[in-house]
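Participant: here is a sequence together with a model predicted from it:
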Amino acid sequence: MNRKLIIIVAAMSFMIPGIGLAQKYPDRTVKIIVPYSAGGTADFSTRQIAQKLTEQMKQSFYVENKVGASGTIATNFVAKSAPDGYTLLANDTTYAILPSLFKTLPWDHPGDLEPIAIITQTPVVLVVPEGSPFKSLSSLVAYAKVNPGKLNYGSGGPGSSTHLSAELFKYAAQIDVAHVPYKGAGEAMLAVLSGQVDFIITAAPTAIPQIEGGKIRALATTGTKRLITIPTVPTFKEAGLANYAVSNWFGLAAPKGTPPAIINTLAAQVKKGLADPELRERLAKLGAEPGSVSPAEFKKFIQKESELWAVAVKQAGLTAE
């Protein structure tokens, strides 16, 4: 390459936004903020892909849990962070729900965040403590109908996907049960393990290890077919509640203004990581499916999800606070 051509190429790297930055990205640790406590599916999915990104990009992708306020603390933190690709958000279904549950949010939703890629998509599972008297979904529903307000359920906090999933279950089953909020799906799982709550509805990866260990009992799962790891657990349709259909997704986002070259680099690396057979098998055993899509497709997906959950929130009789 002659000197003149070198100068032209160098000049172009400054003229085209993000090119020079993306070529050396990342050159230090990247922080991924998870809005919930450790132990939940958001945390699990994020740590799986963080490990892959660390291996592939030769820089550490560090996961930090920043819990509270239905994920709004973490989301606002990332939205207000420098748009340089070094602070990312592990967003999820709850992110698409928030505009329907809060009249105002401390960031511009969804404008202040750039979607990168979906990591996983999962069905949800209704589980009860191992010592629960309920052996089937129909028995739980029947008891709740006769004893309104006596049963309770745990969630990852007001406005979380675990909260709204249970509220939609209440609506579908026409029952009255009390809500007990926690700081994340992981803490809600601990509550059902200890018998502090009667049930939770959570993403399959959060529940399956405990189900297989005999520590909790699954009564039903969403989806059109049974999960291969818990084949004896019926779908909600098989259990007699055909009008209940909920699923969760977990992804990555960056602050508005992050160079498109970095967004596209991360999306490509997530896709590469999710193509790993070992990771795909590990996810499948937990009822999760790899969900990598392009940033543009993810943006459209979030818009559609927000519209669907807005209808669901209204249907469940919830109002924005």
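Facilitator: Perfect, I can see it now.
Participant: using the three-state scheme, assign residue 314.
Facilitator: Under the three-state scheme (DSSP: H, G, I helix; E, B strand; the rest coil), residue 314 adopts helix.
Participant: what's near enough to touch it?
Facilitator: residue 100 (CB atoms under 8 Å, 6 or more residues apart in numbering). For glycine as for every other residue, the C-beta is placed from the backbone atoms N, C-alpha and C.
Participant: could you report the pLDDT at it?
Facilitator: Confidence at residue 314, expressed as pLDDT, is 84.
Participant: could you do residue 32 as well?
Facilitator: Reported pLDDT for residue 32: 98.
Participant: what's it sitting at in phi/psi?
Facilitator: phi -110, psi 120 (degrees, to the nearest 10).
Participant: ok, now which ones touch it?
Facilitator: Counting by CB under 8 Å, 6+ apart, residue 32 has contacts 46, 50, 61-64, 88-90, 252.
Participant: among the residues you listed, which one sits closest to residue 115?
Facilitator: residue 252 (8.0 Å; CB to CB).
Participant: isn't the closest one up against residue 113?
Facilitator: No - between residue 252 and residue 113 there is no contact under CB atoms under 8 Å: 10.1 Å.
Participant: who's more crowded, these two?
Facilitator: residue 252 (26 against 23; other CB atoms under 10 Å).
Participant: centre of the chain to stretch 121-140, how far?
Facilitator: 21 Å (CA atoms, centre = their mean, to the nearest Å).
Participant: and the end-to-end length of that stretch?
Facilitator: 27 Å (CA to CA, to the nearest Å).
Participant: give the buried residues for stretch 103-119.
Facilitator: Within stretch 103-119, the residues scored as buried using 16 or more other CB atoms under 10 Å are 105, 107, 109-110, 112-119.
Participant: one more: stretch 226-233?
Facilitator: 226-227, 229-230, 233.
Participant: and the helices in the stretch 1-150 of the chain?
Facilitator: 3-15, 19-24, 41-57, 72-79, 93-101, 137-146 (DSSP state H, counting those that start in this stretch).
Participant: which of those helices sits closest to residue 284?
Facilitator: helix 41-57 (12.3 Å).
Participant: any idea how far residue 56 is from residue 30?
Facilitator: 12 Å (CB to CB, to the nearest Å).
Participant: for the two, indicate the residue with more neighbours.
Facilitator: residue 30 (20 against 15).
Participant: buried ones in stretch 176-184, by neighbour count?
Facilitator: 177, 181-184.
Participant: pLDDT weak spots in the chain?
Facilitator: 1-23 (pLDDT under 70).
Participant: partner strands of the lengthiest strand in it, with direction?
Facilitator: Counting by DSSP state E, the longest strand found in the chain is strand 113-129. Here strand 113-129 is paired, per DSSP bridges, with strand 199-203 (antiparallel), strand 216-221 (antiparallel), strand 247-255 (antiparallel), strand 289-290 (antiparallel).
Participant: and those strands, which is most packed in?
Facilitator: Of those, the one with the most neighbours on average (mean count of other CB atoms under 10 Å) is strand 199-203, at a mean of 30.
Participant: can I get the helix or strand that comes right after that strand as PDB, trimmed to CA atoms?
Facilitator: Scanning forward in sequence from strand 199-203 by DSSP states H and E, the next helix or strand is helix 204-212. C-alpha atoms of helix 204-212 as PDB (Å, rounded to 0.1, in the frame of the first residue of the first chain):
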ATOM      1  CA  ALA A 204     -38.400 -21.700  32.700                       C
ATOM      2  CA  PRO A 205     -34.600 -21.400  33.100                       C
ATOM      3  CA  THR A 206     -35.100 -20.000  36.600                       C
ATOM      4  CA  ALA A 207     -37.400 -22.900  37.600                       C
ATOM      5  CA  ILE A 208     -36.100 -26.000  35.900                       C
ATOM      6  CA  PRO A 209     -33.000 -26.700  38.100                       C
ATOM      7  CA  GLN A 210     -35.200 -26.500  41.200                       C
ATOM      8  CA  ILE A 211     -37.900 -28.600  39.600                       C
ATOM      9  CA  GLU A 212     -35.400 -31.300  38.600                       C
END
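Participant: can you list contacts of helix 204-212?
Facilitator: With CB under 8 Å, 6+ apart, helix 204-212 has contacts from 39-41, 44-45, 120, 122-125, 127, 185-186, 189, 193, 216-218, 221, 227, 229-230, 233, 283, 285-288.
Participant: what of stretch 252-269?
Facilitator: So stretch 252-269 is in contact with 17-19, 21-22, 25, 32, 46, 49, 52-53, 56-57, 78-85, 87-91, 95, 108, 111-117, 119, 270, 292, 294-295, going by CB under 8 Å, 6+ apart.
Participant: picking that back up, need the overlap of contacts for residue 252 and residue 113.
Facilitator: 89, 91.
Participant: before we move on, the earlier item: what's the closest of the strands paired with strand 113-129 to residue 71?
Facilitator: Using CB to CB, the strands paired with strand 113-129 put strand 247-255 closest to residue 71, at 11.8 Å.
Participant: got a list of what residue 164 touches?
Facilitator: Counted by CB under 8 Å, 6+ apart, residue 164 has contacts 97, 101, 309, 312-313, 316, 318.
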